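In: Got a predicted model here, sequence first, then my questions.
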Amino acid sequence: MTVWTTRPETADDVAAVRAVNLAAFPTAEEADLVDALRADTGAWLDGLSMIALDPGGTVAGHALLTRCHVGGAPALALAPTAVLPSVQRTGAGSAVIRAVLDAARARGEHLVVVLGHADYYPRFGFSRASRFGIRAPFEAPDEALMALALDDTRPVPGGTIAYAAAFGV
Ligand SMILES: CC(C)(COP(=O)(O)OP(=O)(O)OC[C@H]1O[C@@H](n2cnc3c(N)ncnc32)[C@H](O)[C@@H]1OP(=O)(O)O)[C@@H](O)C(=O)NCCC(=O)NCCS
């Protein structure tokens with residue numbers, strides 16, 4: 001079993017993060033999205049672009065949280081998440097997603113939304129966003145839009161998600 005190390009990206013990791021996203025997705029759309037979000041000072045939060053490294057120090061996984069708003073309240077969008085195809089399903093994705101959620105919780109962030117595989121994200125505590133009254137600003141299958149409250153003591157805001165401009169939605 002591979003032991004994955006996680007840490008926030010630094011300036012030296014930018015090319016490796018792009019390479020992971022290019023490898024994980026069929027087109028450059030997600031890699032370009034990451035670069036556009038990094039250039040958006042209103043969306044990018046230092047420390048919330050997390051990487052997973054193998055024991056040799058190769059960057060194999062990436063998970064990104066950027067600023068969005070839900071019903072006008074600040075929240076985080078988890079997108080994209082990516083793992084090199086050669087090591088998918090060996091825990092890198094789980095390690096890097098857990099690490100970025102922990103980092104967000106430590107910063108006092110409250111709410112994370114994700115649009116993705118309904119079989120994957122519930123293991124991190126995500127559940128259907130619709131049960132919180134959270135909606136996407138576009139048509140999305142109900143089970144694919146999920147939300148996670150990081151702080152049980154605060155009420156979860158409902159409403160429509162306003163994504164960073166780089167998402168183009
Ligand atoms: C999705 C992704 C980030 C998961 O990372 P990973 O390192 O492969 O996943 P892990 O090893 O942590 O977890 C493996 C588990 O995830 C599940 N899983 C992986 N990819 C999945 C997918 N596309 N749909 C549903 N479940 C998936 C596996 O079935 C496995 O489940 P199990 O633990 O019950 O056997 C990675 O597979 C990836 O980069 N995929 C291509 C890009 C992508 O689809 N990104 C997500 C966009 S929402």
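Out: Right, received. Where do you want to start? Numbering: from 1, shown residues only.
In: So which bits of the chain are right by the ligand?
Out: 24-25, 80-83, 88-94, 116-117, 119-120 (Cβ under 6 Å from any ligand atom). Any C-beta I mention is one placed from the backbone N, CA and C, and that applies to glycine too.
In: rerun at 5 Å
Out: By the rule Cβ under 5 Å from any ligand atom, the part of the chain lying against the ligand is 24, 81-83, 88-89, 91-94, 116-117, 119-120.
In: Buried residues in the longest helix along the chain, which are they?
Out: Ranked by residue count under DSSP state H, the longest helix found in the chain is helix 92-106. Residues of helix 92-106 classed as buried: 92-101, 103-104 (neighbour count, 16 or more other Cβ atoms under 10 Å).
In: Can you tell me what sits against that helix?
Out: 2, 4, 6-8, 47-52, 54, 60-65, 76, 78, 81, 83-84, 112, 120, 123-125, 148, 150-151 (Cβ atoms under 8 Å, 6 or more residues apart in numbering).
In: Repeat that for stretch 64-78.
Out: Outside stretch 64-78, the residues touching it (Cβ under 8 Å, 6+ apart) are 34, 37, 40, 42-45, 48-50, 63, 79-81, 97, 100-101, 103-104, 109-114, 116, 121, 134, 157-164, 167.
In: what do you get for stretch 156-169?
Out: Outside stretch 156-169, the residues that touch it by Cβ under 8 Å, 6+ apart are 33, 36-37, 39-40, 42-43, 66-73, 75, 77, 79, 110-111, 113, 132-138, 147, 149.
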